[in-house]
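Chemist: Take this sequence and fold it.
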Amino acid sequence: MSAAVDPSSDADADVDVDVAVVGGGAAGLAAAVALGRSLRSVVVVDAGEPRNAPAAHAFDVLGREGIGPLDLLAAGREEARGYGVRFLADRVVTADREVAGFRLGLLGGSGVRARRLLLATGLVDELPEVPGLRRWWGTGVLHCPFCHGYEVRGQHVGVLGSRPGSLHQVLLFRALTDRVTFFRQDLDVPPETAAQFRALGVEVVEGAVRGLTGEPGALRVDVGGAGVEVEALVVAPWFRARGEVFAQLGGELATNAVGEFVPVQPGGATSLPGVWAAGNVADPGAMVAAATGAGVLAGVALHGDLVQEDVGALVA
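Modeler: Below you'll find the predicted structure:
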């Protein structure tokens, strides 16, 4: 069983640090460790709502394959604390730019002043409006073939036609099993894609999906009053960035075919001076390992930026 996310805080009063990390997922913790190892003062503000909490395991994590997502975060917090990183179990509600950096107002009433900000707030998966999907999200209802596809290899997998990306999901999951059913709903299927489905033996079911019942391994998809049995159901969420802090500071989110995100340069710098972003808030498709790597790179870049500022102040 995965460990619960540690809700404890290391401080209750206002804090003043080099870098405030907003969000304590893989990207935020990796950045905090990199900054702590560079002797930077760091505080992580985390509301304890990791995106992958519904999943029992995290995969494609080198050396920690299959670890529980909350166990991974608990280990990361302890590593960061070992380098002097502090944690606040709270939520940022206001963000303002000051002469020396930024001030974050927290829901609990305290505040954080920081020279730099790293936004690692992640995203929210907005699922299609089908009753029953949310209940099994992360277990029997999936979206990523690389995160969970191996675990349903050889099984009867359904794919819900909700967004154009659903068509690509059919092909990716068909590589893992020869039993794929596509619930088209009103999604347009180009002729060349329909030909691919026929060649691969993908069954296409017409009609609106009205609900999902059963349990993982024995799900029942209600299509126009008739039930179709599958063992897992794949959906294509809309990835909505948790970009409130970025927007408060004057930033504008970008969108692509799968969702919205904070646009960044290599290393995580945003269009706002002093503000970096890493993980799913900046890259909706990043899995745990990719978010971790992005966090490390952002931490390195933040430290380098602070070094340049410190040296510049000495020679000014």
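
Chemist: wait, doesn't residue 296 sit right on residue 30?
Modeler: Yes. Residue 296 is within contact range of residue 30, at 4.9 Å (criterion: C-beta atoms under 8 Å). Backbone N, C-alpha and C define where each C-beta goes, glycine included.

Chemist: So for the two, which sits in the more crowded spot?
Modeler: residue 30 (26 against 18; other C-beta atoms under 10 Å).

Chemist: Skipping adjacent residues, who's closest to that one in space?
Modeler: With sequence-adjacent residues excluded and distances taken as C-beta to C-beta, 6 or more residues apart in numbering, residue 30 is closest to residue 295, at 3.2 Å.

Chemist: Tell me, how many residues neighbour the one you found?
Modeler: Neighbour number of residue 295 under other C-beta under 10 Å is 31.

Chemist: Let me see the contact set for it.
Modeler: Contacts here follow C-beta atoms under 8 Å, 6 or more residues apart in numbering; on that basis residue 295 touches 26-32, 34, 120, 278-279.

Chemist: Dihedrals phi and psi, residue 196?
Modeler: Main-chain dihedrals, residue 196, degrees, to the nearest 10: phi -60, psi -40.

Chemist: and it, how many neighbours?
Modeler: Neighbours of residue 196 (other C-beta under 10 Å): 16.

Chemist: Check whether the residue nearest to it when sequence neighbours are not counted sits in a helix, strand or coil.
Modeler: Nearest residue to residue 196, sequence neighbours excluded (C-beta to C-beta, 6+ apart): residue 171, at 6.9 Å. Here residue 171 is helix, with the state taken from DSSP: H, G, I helix; E, B strand; the rest coil.

Chemist: so for stretch 245-258, what's the average pLDDT?
Modeler: Stretch 245-258 carries an average pLDDT of 96.

Chemist: that older thread, I'd like to know how far the residue nearest to residue 196 sits from residue 242.
Modeler: Distance from residue 171 to residue 242, counting by C-beta to C-beta, to the nearest Å: 30 Å.

Chemist: Just want to know which of the two has more residues nearby.
Modeler: Between residue 171 and residue 242, counted using other C-beta under 10 Å, the more crowded position is residue 242 (20 against 16).

Chemist: how about the more buried one, what does it touch?
Modeler: Contacts of residue 242 by C-beta under 8 Å, 6+ apart are 23, 121-124, 281.

Chemist: The nearest residue to it once chain neighbours are set aside: neighbour count?
Modeler: Closest residue in space to residue 242, ignoring its immediate chain neighbours: residue 121 at 3.8 Å, by C-beta to C-beta, 6+ apart. For residue 121, the neighbour count with other C-beta under 10 Å is 32.

Chemist: Output stretch 29-43 as CSV, restricted to C-alpha atoms.
Modeler: The C-alpha coordinates for stretch 29-43 follow below in CSV (Å, rounded to 0.1, in the frame of the first residue of the first chain):
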residue,chain,number,x,y,z
LEU,A,29,10.9,17.7,-5.5
ALA,A,30,13.6,17.0,-8.0
ALA,A,31,14.2,20.8,-8.4
ALA,A,32,14.2,21.2,-4.6
VAL,A,33,16.9,18.5,-4.3
ALA,A,34,19.1,20.1,-7.0
LEU,A,35,18.7,23.5,-5.4
GLY,A,36,19.4,22.2,-1.9
ARG,A,37,22.5,20.5,-3.1
SER,A,38,23.6,23.9,-4.4
LEU,A,39,23.1,25.3,-0.9
ARG,A,40,20.1,27.4,-1.9
SER,A,41,17.4,28.1,0.7
VAL,A,42,14.2,26.5,-0.6
VAL,A,43,10.6,26.1,0.5
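
Chemist: sec struct for the residue nearest to residue 242, please.
Modeler: coil.

Chemist: In this structure it contacts residue 22, no?
Modeler: Yes. The pair residue 121 and residue 22 passes the contact test of C-beta under 8 Å, sitting 5.6 Å apart.

Chemist: any common contacting residues for the two?
Modeler: Common neighbours of residue 121 and residue 22 (C-beta under 8 Å, 6+ apart) are residue 245.

Chemist: need the longest helix for the chain.
Modeler: As assigned by DSSP state H, the longest helix anywhere in the chain is helix 288-315.

Chemist: now it: mean pLDDT?
Modeler: Helix 288-315 comes out at a mean pLDDT of 96.

Chemist: in that helix, what's buried?
Modeler: 288-303, 305-306 (16 or more other C-beta atoms under 10 Å).

Chemist: Over to stretch 65-78?
Modeler: Across stretch 65-78, burial judged by 16+ other C-beta under 10 Å covers 67-74, 76-77.

Chemist: Just the ones of those in strands?
Modeler: Among those, no member falls in strands (DSSP state E).

Chemist: Just the closest of these to residue 144, please.
Modeler: Nearest to residue 144 among the buried residues of stretch 65-78 is residue 69, at 13.3 Å by C-beta to C-beta.

Chemist: Pull the contacting residues for the closest residue in space to residue 204 that isn't next to it in sequence.
Modeler: Once flanking residues are discounted, residue 204 sits nearest to residue 182: 5.0 Å by C-beta to C-beta, 6+ apart. Contacts for residue 182 were tallied using C-beta under 8 Å, 6+ apart; they are 158-159, 161, 166, 170, 197, 202-205.

Chemist: Alright, calling it a day.
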